[in-house]
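Enquirer: below are the sequence and a predicted model for it; my questions follow.
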Protein chains: 2
Amino acid sequence: MESYQKIAKVFKALCDPKRLAILEQLRSGEKCACVLQEPMDLTQSGLSYHMKILCDSGLVVSRQEGKWTHYRLSETGREKAMHLLLAVTAPDAASASFDK
Amino acid sequence: MESYQKIAKVFKALCDPKRLAILEQLRSGEKCACVLQEPMDLTQSGLSYHMKILCDSGLVVSRQEGKWTHYRLSETGREKAMHLLLAVTAPDAASASFDK
DNA sequence: TGTTCATATCAATATTTTTTGATTTGAGGT
DNA sequence: ACCTCAAATCAAAAAATATTGATATGAACA
């Protein structure tokens, strides 16, 4: 079973407005770090900090190309997160009823 | 469109190990605050603080019964969270391909 | 090899979140 | 009305997270 810390790490990626804005940008396709930074109120090191959290969560993956780093959404990361959300918030088999 | 702050609030409920442990307890059915607190390393006011965050996220709902408060998982809360997770991490319609 | 550019890392500070203990509120019971 | 108990709220302290500016790494290219 996954530890609560590990699960928390996935959702931590999603509870910061700046990281949500970064994900929004990635929804339209792979982006280079410099491109992601431009429209945001973030320093270079600030972006790097958030990208690390997003990659650690598994929701985003990176790809090096020369001196550039490209980021994109991970389908498997998303699927794992969906399963995790369900696992954590759905009543267990034994308990039939719960609130609407 | 929902603000990033509003979205963040939902996932904030899921990025603390103690709140995940509380959700785990609720998976087996409705529980009174006093019952939830007992097995956890939490003071009364500490539990109350976390329950507020869980209720604010919509994933948990509460019900008063005399002087007791009972908490349970919300199905609609879970459904909304699932949709939100998808909305935030899935590539948009225009961009066909993304990473596995 | 030396220079430039993109990104990562580090250390310090600022900000936010969590914890704690004390107090308040409000529903019952006497 | 008074007392008790469960839970919420508040203010202060502690802990975790985010931001900033400076520096390090490492790829490309002259």
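Expert: Yep, it's here.

Enquirer: show me the shaky parts of chain A.
Expert: Where chain A drops to pLDDT under 70, the residues are A:1, A:96-100.

Enquirer: which residue ranges form the helices in it?
Expert: For chain A, the helices defined by DSSP state H cover A:4-12, A:17-26, A:33-37, A:44-57, A:75-89.

Enquirer: which outside residues touch the shortest one?
Expert: By Cβ atoms under 8 Å, 6 or more residues apart in numbering or on different chains, the residues outside helix A:33-37 that reach it are A:22, A:25, A:26, A:44, A:47, A:48, A:51, A:68, A:69, A:70, A:71. Where C-beta positions appear, they are placed from N, C-alpha and C, glycine not excepted.

Enquirer: in that helix, what counts as buried?
Expert: A:33, A:36, A:37 (16 or more other Cβ atoms under 10 Å in any protein chain shown).

Enquirer: got JSON lines for the residues you listed, with distance to residue B:14 too?
Expert: Listed next are the buried residues of helix A:33-37 as JSON lines, based on distance: Cβ to Cβ, whole Å:
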{"residue": "A:33", "distance to residue B:14": "27"}
{"residue": "A:36", "distance to residue B:14": "25"}
{"residue": "A:37", "distance to residue B:14": "28"}
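
Enquirer: what's near enough to touch the residue nearest the centre of chain A?
Expert: For chain A, the residue nearest the mean C-alpha position is residue A:59 (3.8 Å; Cα atoms, centre = their mean). The contact partners of residue A:59, by Cβ under 8 Å, 6+ apart, come to A:10, A:13, A:14, A:23, A:73, A:74, A:77, A:78, A:81, B:89.

Enquirer: test my guess that residue A:27 contacts residue B:93.
Expert: No: contact between residue A:27 and residue B:93 fails when scored by Cβ atoms under 8 Å: they sit 9.5 Å apart.

Enquirer: neighbour count winner among these two?
Expert: Taking other Cβ atoms under 10 Å in any protein chain shown, residue A:27 and residue B:93 do not tie; residue A:27 has more neighbours (18 against 8).

Enquirer: quick check, stretch A:84-96 touching chain B?
Expert: Yes: Stretch A:84-96 reaches chain B (Cβ under 8 Å from any Cβ of the partner chain) through A:85, A:86, A:88, A:89, A:90, A:91, A:92, A:94, A:95.

Enquirer: distance of the fifth one relative to residue A:38?
Expert: Applying Cβ to Cβ, to the nearest Å, one obtains 40 Å for the distance of residue A:90 from residue A:38.

Enquirer: tell me which of the two has more neighbours.
Expert: Ranked by neighbour count (other Cβ under 10 Å), residue A:90 and residue A:38 place residue A:90 first, with 16 against 12.

Enquirer: what's the closest non-adjacent residue to the more buried one?
Expert: Excluding the flanking residues, the one nearest residue A:90 by Cβ to Cβ, 6 or more residues apart in numbering or on different chains is residue B:78, at 6.5 Å.

Enquirer: that neighbour against residue A:87, yeah?
Expert: No: using Cβ under 8 Å, residue B:78 is not in contact with residue A:87, being 11.0 Å away.

Enquirer: so between the two, which is more surrounded?
Expert: Legend: neighbour count by other Cβ under 10 Å for residue B:78 and residue A:87, higher for residue B:78 (20 against 15).
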